[in-house]
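okay, sequence plus prediction incoming.
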Amino acid sequence: MSSVVVADTGPVHYLYLIGEIEILPVVFGEIHIPREVYSELCHAGAPNMLRTWALNPPSWLRIQDVSVSMDPSIMALDVGERASIALAESIHADLLLVDDRKAVRAAIARGLGVTGTLGILRLAAQKGRIDIRQAVGLLKKTNFRYRQEMLDDLLERFRSGQ
């Protein structure tokens, strides 16, 4: 658990919504987020319970200031995604937790290790910390966007015991 991990808003948001936010410190230890992501979690448009949780963050969540890149190659990303990539680069993170496909591509192009909400659930299930079928069932009830083949592959891996 000595990895340095940075999270964008999406994985934190969705793990909270499905009642699995506490798998983050179990799987990764501390999670670093840029202040811009913290602002998104606390935004008036965020679900009330998520906002309440974020306003009193757990000890494993580290909120950090970072200079957001104005690099033209990532300007199409939202400010939270840009700030997450910038923070991951500045603290030499081992992993960036992000779901947006454009942000994933941008992070990989910059040499960052990346996984998203489904990858986090896979890691937690491999450690025996969650019931993957239940977690995925709850995730499907949110507005989480996913490719069906990714979800099918994830569930198949656990059906066959991999």
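That came in fine, so what should we check first? Numbers count the residues shown, from 1 in each chain.

which helices and strands sit right next to the helix or strand hosting L96?
Under DSSP states H and E, the secondary-structure element containing L96 is strand 95-97. Of the remaining helices and strands, those touching strand 95-97 by 3 or more C-beta pairs under 8 Å, 6 or more residues apart in numbering; DSSP states H and E are strand 5-7, helix 79-90, strand 114-115. C-beta here means a position set from N, CA and C on the backbone, and glycine is covered the same way.

that strand pairs with which strands?
For strand 95-97, sheet partners with direction are given as strand 5-7 (parallel), strand 114-115 (parallel), following DSSP bridges.

mean confidence score for it?
Mean pLDDT, computed over strand 95-97, is 98.

how far is that strand from where the chain is centred?
Distance of strand 95-97 from its chain centroid, counting by C-alpha atoms, centre = their mean, to the nearest Å, is 7 Å.

swap in stretch 105-112?
Chain-centre distance of stretch 105-112: 15 Å, with C-alpha atoms, centre = their mean.

show me where pLDDT drops low in this structure?
1-2, 160-162 (pLDDT under 70).

hey, where'd the helices end up in it?
9-17, 23-28, 35-42, 48-55, 79-90, 101-109, 117-126, 132-140, 148-159 (DSSP state H).

just checking, what packs against the second one?
What that stands for is helix 23-28. Secondary-structure packing of helix 23-28 (3+ C-beta pairs under 8 Å, 6+ apart): helix 9-17, helix 117-126.
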